[in-house]
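**Q** sequence-free structure coming up:
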């Protein structure tokens, strides 16, 4: 019989939950067989049976410490990584997530900047979207799209945050992102129609309507009026 039976796995999972202060709440434990090493997934309700929220403060740090403790206590070992996953056995959305992981891992080393990485991933049906901070140009996050599924970089792998991926490219990374934005603005400006010569002539001509200078047509009635006045004076004499 294998060392890690279903019963043993449940025991380890429950011990892990107690160490993580995940108690007095609803939960399920599922054994997953998509990898060579045995492992389980835990799904629990963060609102406990008393209506209180189970804290996730320092969750990542506490998880690491608890896993190390259980590893030493039960003589376990850590998995080697995502490369050991049997992807052909995965179902969505995990299937798409691991396909993105594999594609980025394979292509980032061949790319000199973000633009090249985007092009290479696009050939595999994967697109990148950068998240900016408010209305500024500062990039603070990255997401990957494949089919109908979207994942933040850190959801795929901790090393896939924007800041960590950008280190691969150095200064060239941010420059390409900024140049892409400038190119987009330039393209928008090019699409704005310019006034034709006829329109410009009409506008400049129409401004004359508001000019203070009298027109020849305006002067002619005044001359006739002055002539009539002179004739009347002559008759009186």
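**A** Done, it's in. None of these values were measured; they are calculated from a predicted model.

**Q** Hmm, residue 23 is touching residue 48, no?
**A** Yes. Between residue 23 and residue 48 there is a contact under Cβ atoms under 8 Å: 7.4 Å. C-betas here are computed from N, CA, C, even on glycine.

**Q** So which residues of the protein form helices?
**A** Per DSSP state H, the chain carries helices over the ranges 6-19, 59-74, 94-108, 114-122, 153-156, 162-166, 171-191, 197-206, 216-236.

**Q** Compare the mean pLDDT across the ones you listed and name the weakest.
**A** Between the helices of the chain, the one with the least mean pLDDT is helix 197-206; it has a mean of 40.

**Q** domain parsing for the chain?
**A** What the record gives for the chain is the domain set 6-79, 87-190, from automatic domain parsing.

**Q** would you list the ones you listed in JSON lines and tack on mean neighbour count?
**A** Listed next are the domains of the chain as JSON lines, based on neighbours: other Cβ atoms under 10 Å:
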{"stretch": "domain 6-79", "mean neighbour count": "13"}
{"stretch": "domain 87-190", "mean neighbour count": "15"}
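
**Q** who touches the closest residue to residue 6 other than its chain neighbours in this structure?
**A** With sequence-adjacent residues excluded and distances taken as Cβ to Cβ, 6 or more residues apart in numbering, residue 6 is closest to residue 31, at 6.2 Å. Counting by Cβ atoms under 8 Å, 6 or more residues apart in numbering, residue 31 touches 6, 9, 38, 39, 40.

**Q** From residue 60, how far out is residue 132?
**A** Look at residue 132 and residue 60: by Cβ to Cβ, to the nearest Å, they are 25 Å apart.

**Q** Could you double-check that residue 46 lies in contact with residue 52?
**A** No. With contact defined as Cβ under 8 Å, residue 46 does not reach residue 52; the gap is 9.5 Å.

**Q** how close does residue 154 sit to residue 97?
**A** In terms of Cβ to Cβ, residue 154 sits 12 Å off from residue 97.

**Q** my guess is residue 45 contacts residue 27, does it?
**A** Yes. If you go by Cβ under 8 Å, residue 45 and residue 27 touch, sitting 7.0 Å apart.

**Q** quick one: contacts for residue 77?
**A** Contacts of residue 77 (Cβ under 8 Å, 6+ apart): residue 71.

**Q** Quick check, pLDDT for it.
**A** For residue 77, pLDDT reads 71.

**Q** what's the distance between it and residue 71?
**A** In terms of Cβ to Cβ, residue 77 sits 7 Å off from residue 71.

**Q** do the same with residue 143
**A** 33 Å.

**Q** How about residue 162?
**A** Using Cβ to Cβ, residue 162 is found at 31 Å from residue 71.

**Q** ok, now residue 37?
**A** 13 Å.

**Q** Okay, and the beta partners of the closest residue to residue 130 other than its chain neighbours?
**A** Distance criterion Cβ to Cβ, 6+ apart; nearest residue to residue 130, sequence neighbours excluded, is residue 139 at 4.9 Å. According to DSSP bridges, the partner residues bridging residue 139 are residue 132.

**Q** Isn't residue 139 up against residue 162?
**A** Yes. Using Cβ under 8 Å, residue 139 makes contact with residue 162 at a distance of 5.9 Å.

**Q** list residues touching both of the two?
**A** 130, 131.

**Q** how close does the closest residue to residue 109 other than its chain neighbours get to residue 144?
**A** Of all residues not flanking residue 109 in the chain, residue 168 sits nearest, at 7.8 Å (Cβ to Cβ, 6+ apart). With distances taken as Cβ to Cβ, residue 168 is found 15 Å from residue 144.
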